[in-house]
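[1] Any chance you could fold what I've pasted below:
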Amino acid sequence: MEILFSVLLGTLLFVESAHCRQCYMCSRVKDLSLCKIKKCNDGENTCTKTVVTSDVEFKMKSYIMDCATSCEDYKKLFLKTTSHGIKVDVSCCNTDLCNGVGGVRNNPWALMGALLLSLGPALLWVGL
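    Residues are numbered from 1 along each chain as shown. Alright, predicted model coming up:
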């Protein structure tokens, strides 16, 4: 039982460290469904989500999502572009596809439950 758990945990840790981060990527879109999944480059371990809203003359809201090496460096890009009537909100996260719309894929408890449910038959077979 302990051997199976150790092998399973080691495999999960290896897979997590061996793959590149995946984030949603889009630029100046109004509809988040237009964003695509992007495999980030080496060193880009942060997913970003920027919401730009404007109240000048007409209301506008658009999204920018991408990979970044650092949240602080990414935020600095937008500090210079902020002007009167335009609001820029930048958020960052460090798990796969975490910069998308909220839901099960962003909930670590839901992901853990899904993992346990998928492993259930194997654990019952082994007699745990």
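
[2] Do a quick rundown of the strands in the protein.
    Secondary structure of the chain (DSSP state E): strands at 22-29, 36-39, 46-54, 60-68, 86-93.

[3] All the helices of the chain, in order from the start?
    Assigned by DSSP state H, the chain shows helices spanning 2-18, 71-79, 108-126.

[4] If you average pLDDT over each of these, which is lowest?
    Mean pLDDT across those is lowest at helix 2-18; the value there is a mean of 43.

[5] Now do the contacts for Val101.
    Residues near Val101 by CB atoms under 8 Å, 6 or more residues apart in numbering: Leu32. Placement of C-beta: from N, CA and C, glycine included.

[6] ok so, going back, most tightly packed of the strands of the chain?
    The highest mean neighbour count among the strands of the chain, using mean count of other CB atoms under 10 Å, belongs to strand 46-54: a mean of 20.

[7] when you compare where it runs with where strand 22-29 runs, what's the angle?
    Angle, strand 46-54 to strand 22-29, by axes from the mean of the first three to the mean of the last three CA atoms, to 10 degrees: 20 degrees.

[8] Adjacent strands (with direction) for strand 46-54?
    When pairs are called by DSSP bridges, strand 46-54 turns out to pair with strand 60-68 (antiparallel), strand 86-93 (antiparallel).

[9] related to what we said a few turns ago, output the strands of the chain in JSON lines, with distance to Val101 and mean pLDDT appended to each entry.
    Converted to JSON lines, the strands of the chain look like this (distance: least, CB to CB, whole Å; pLDDT from 0 to 100):
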{"stretch": "strand 22-29", "distance to Val101": "9", "mean pLDDT": "95"}
{"stretch": "strand 36-39", "distance to Val101": "13", "mean pLDDT": "96"}
{"stretch": "strand 46-54", "distance to Val101": "10", "mean pLDDT": "93"}
{"stretch": "strand 60-68", "distance to Val101": "10", "mean pLDDT": "94"}
{"stretch": "strand 86-93", "distance to Val101": "13", "mean pLDDT": "92"}
